[in-house]
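Colleague: Please work out how this folds:
(2 chains)
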Amino acid sequence: MANDKLLPHLFRTEYRKIVSVLCRHFGFDHIETAEDLASDTFLTAAQTWGYKGVPDNPVAWLYTVAKNKAKNHLQRDLLFKNTIAPELLNDSSGVHEIYIDLSPDNINDSQLQMMFALSHPSLSPEAQIGLSLRILCGFGIEEIADAFLTNKETINKRLARAKEKLREEKIAIEFPSPSEIDQRLESVLKTIYLLFSEGYYSTSSNATLRKDLCFEAMRLCTMLVEHKQTDTPQTNALLALMCFHASRFDARIDQNGEIILYHDQDTILWNAELISKGGYFLHNASTGNRLSSYHLQASIAYWGTQQSDTVEKWETVLQLYNHLLQLEYSPIAALNRTYAFSKVHGKQKAIVEAEKLNLTGNHFYYTLLGELYGGIDNKKAMEHFTKALSLAKTENDKKIIQRKIDSLR
Amino acid sequence: MEEYMLIFRHQDGNAVASPEQIQIWMKQTMDWIGGIAAQNKFVAGNGLPFADARVVRTKNSKPVVTNGPFGEIKETLGGYIVVKASSIDEAVEFAKGSPVLQGEGNSVEVRRIAKGDGIH
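Modeller: A predicted model of the protein is given here:
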């Protein structure tokens, strides 16, 4: 790897590990210290490697420097306490040797524990994603701002508030107890799914960034699958779901960052490796007696990787959506279910189902109605597409709807 | 928005129809429930299998357990779903779509669920 690419690459892969380990050592009260020490380590690397050259083992070098910086910091801190507050001398905790453990096992554990801490239910979803991107994924403030389509100040404020919340709630960086783990794991999976969706459905035009977001979510989920206590059917189902979705990455976005609809995608670009990985994890998910919404969504996504328009495919997909909606309603699932319904029972019957959904205000709703009326009552189809166009917010959505209008003429 | 229970009464399907026919009814039922769930109006539901059912009655001040109820009787409880609806009329509209009603003599009873607030 070229030197100018090496450091940014290491920042992405190592910063988060150093922060997790240091933060676990210091606690959330000193999260900024942990971040500063980690950033400082990379600053030292940039300065030193520039004139001395890159060391033989850059990662080990970074860990050593981070350890030394942390020790120096703690010693300074201790000196301060001992001088200013002599009564602390009786506290034996300051006497023993300071040990910062950057072994692979401890890095792994720290990151997993950090995942649980940052997905704590008392944090808002926005805070969870923001903190996860920063601390677990090592994203820069600018990148996070870009992903959320906002500016650096907003993100800085949001992260500061989120960190404050971590302290207020006294959230510990630790594994939940066995009795809590299932429930807490659910929050972790939800955060990971939010992270993935942020990348997958983001309207940011930065396609590389969006992809990175998705792969980070998959990396975190993979860590959970590799850990005995978190390797549950749900975790596997979520990973399967993300693999199936991600397999279409290169096919669904064109060079200009615009979304290409499913039916217009070049299936050659579908990633066969990710599809088979998805199949593997979905198979692993098929144990236990609980069918989670991730199982159902992963199964639906699996059928999405099957190109053939068979009766079997659409009947199965319809039943999966019927089931999913009973577990968990969402407008998008309701719309997709109605589309599958039209494939099984025909457009006429689907129109009746669609008109009951009453999702006025949602441009996808009118796009669906437009689709269903197409070929049956083109005047009505046109009305619905026009309504959809007036409700669409992004340029991309507007373009897609405009094309549908043009094709009706 | 109130909650209503739609109670199905019908014969035991296993006694009168082939497994293929039951498969079709199942799909129809799932499509019907899916349609309600797609409107965010589905709350809960369950089938109540006829096999291995028991009825407990009091006879001479003592509980007596009998097998049954038997599904040959058209008015046997076969399952229920709970829906959200703004009025009894809306709940009745949902009930009309139930595939159970394809069988002559079968019925869907619509009952509002008490709120447990001490008034209802």
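
Colleague: And the strands in chain B, which stretches?
Modeller: B:2-9, B:42-47, B:54-59, B:62-67, B:77-85, B:107-112 (DSSP state E).

Colleague: packing partners for the helix or strand hosting residue A:153?
Modeller: Assigned by DSSP states H and E, residue A:153 belongs to helix A:152-168. Helices and strands touching helix A:152-168, by 3 or more CB pairs under 8 Å, 6 or more residues apart in numbering or on different chains; DSSP states H and E, are helix A:31-52, helix A:125-131, helix A:141-147. Bear in mind the C-beta positions are built from the backbone N, C-alpha and C, glycine included.

Colleague: still on that earlier bit, quick one, which of the strands of chain B gets closest to residue A:378.
Modeller: Closest of these to residue A:378 is strand B:42-47, at 33.6 Å (criterion: CB to CB).

Colleague: Below-threshold pLDDT in the stretch 51-200 of chain A: ranges please.
Modeller: A:80-97 (pLDDT under 70).

Colleague: all helices for it, in order.
Modeller: Per DSSP state H, counting those that start in this stretch, the stretch 51-200 of chain A carries helices over the ranges A:58-84, A:104-118, A:125-131, A:141-147, A:152-168, A:181-201.

Colleague: can you tell me which of those comes nearest to residue A:390?
Modeller: Across these, closest to residue A:390 is helix A:181-201 (CB to CB), at 21.5 Å.

Colleague: for the closest one, packing partners?
Modeller: Going by 3+ CB pairs under 8 Å, 6+ apart, helix A:181-201 lies up against helix A:104-118, helix A:125-131, helix A:207-225, helix A:233-246.

Colleague: Only the buried residues of the second one, if you could.
Modeller: What that stands for is helix A:125-131. A:127-131 (16 or more other CB atoms under 10 Å in any protein chain shown).

Colleague: Go back to those and keep what's next to chain B.
Modeller: Taking CB under 8 Å from any CB of the partner chain as the test, chain B is in contact with none of these.

Colleague: hang on, the earlier thing: now the helices of the stretch 51-200 of chain A as JSON lines including distance to residue A:320?
Modeller: Formatted as JSON lines, those follow (distance: least, CB to CB, whole Å):
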{"stretch": "helix A:58-84", "distance to residue A:320": "44"}
{"stretch": "helix A:104-118", "distance to residue A:320": "29"}
{"stretch": "helix A:125-131", "distance to residue A:320": "25"}
{"stretch": "helix A:141-147", "distance to residue A:320": "30"}
{"stretch": "helix A:152-168", "distance to residue A:320": "36"}
{"stretch": "helix A:181-201", "distance to residue A:320": "17"}
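
Colleague: Could you give me the buried positions within the longest helix along chain B?
Modeller: Across chain B, the helix with the greatest residue count (assigned by DSSP state H) is helix B:19-37. Using 16+ other CB under 10 Å as the test for burial, helix B:19-37 gives B:25, B:27, B:29-37.

Colleague: Same question for stretch A:378-397.
Modeller: Here stretch A:378-397 shows A:381-382, A:384-385, A:387-389, A:391-392, A:396-397 as buried, counting by 16+ other CB under 10 Å.

Colleague: distance between that stretch and the chain's centre?
Modeller: 30 Å (CA atoms, centre = their mean, to the nearest Å).

Colleague: then it to CSV, C-alphas only?
Modeller: Written as CSV, here are the backbone C-alpha positions of stretch A:378-397 (Å, rounded to 0.1, in the frame of the first residue of the first chain):
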residue,chain,number,x,y,z
ASN,A,378,-54.0,5.1,-17.8
LYS,A,379,-55.7,8.4,-17.0
LYS,A,380,-55.8,7.4,-13.4
ALA,A,381,-52.3,6.1,-13.5
MET,A,382,-51.2,9.5,-14.8
GLU,A,383,-53.0,11.3,-12.0
HIS,A,384,-51.3,9.1,-9.4
PHE,A,385,-47.8,9.6,-10.9
THR,A,386,-48.4,13.3,-11.1
LYS,A,387,-49.4,13.3,-7.4
ALA,A,388,-46.3,11.3,-6.6
LEU,A,389,-44.1,13.8,-8.5
SER,A,390,-45.5,16.6,-6.4
LEU,A,391,-44.7,14.8,-3.2
ALA,A,392,-41.2,13.5,-4.1
LYS,A,393,-38.4,15.3,-2.3
THR,A,394,-35.1,14.2,-3.9
GLU,A,395,-34.1,14.9,-7.5
ASN,A,396,-33.5,11.2,-8.0
ASP,A,397,-37.1,10.2,-7.0
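
Colleague: which other residues reach that stretch?
Modeller: Outside stretch A:378-397, the residues within contact range by CB atoms under 8 Å, 6 or more residues apart in numbering or on different chains are A:203, A:258-259, A:361-367, A:369-375, A:398, A:401-402, A:404-405, A:408.

Colleague: ok, now stretch B:76-91?
Modeller: Contacts of stretch B:76-91 (CB under 8 Å, 6+ apart): B:1-13, B:33, B:36, B:40-48, B:50, B:69-71, B:94, B:100, B:110, B:112-113.

Colleague: Apply the buried test to those and list what passes.
Modeller: Going by neighbour count (16+ other CB under 10 Å), the contacts of stretch B:76-91 have B:3-13, B:33, B:36, B:41-42, B:45, B:50, B:71, B:94, B:100, B:110 buried.

Colleague: can you pull the contacts of residue 30?
Modeller: Using chain A. Residue A:30 touches residue A:23, counting by CB under 8 Å, 6+ apart.

Colleague: my bad, the chain I had in mind was chain B
Modeller: Here residue B:30 is in contact with A:319, A:322-323 (CB under 8 Å, 6+ apart).
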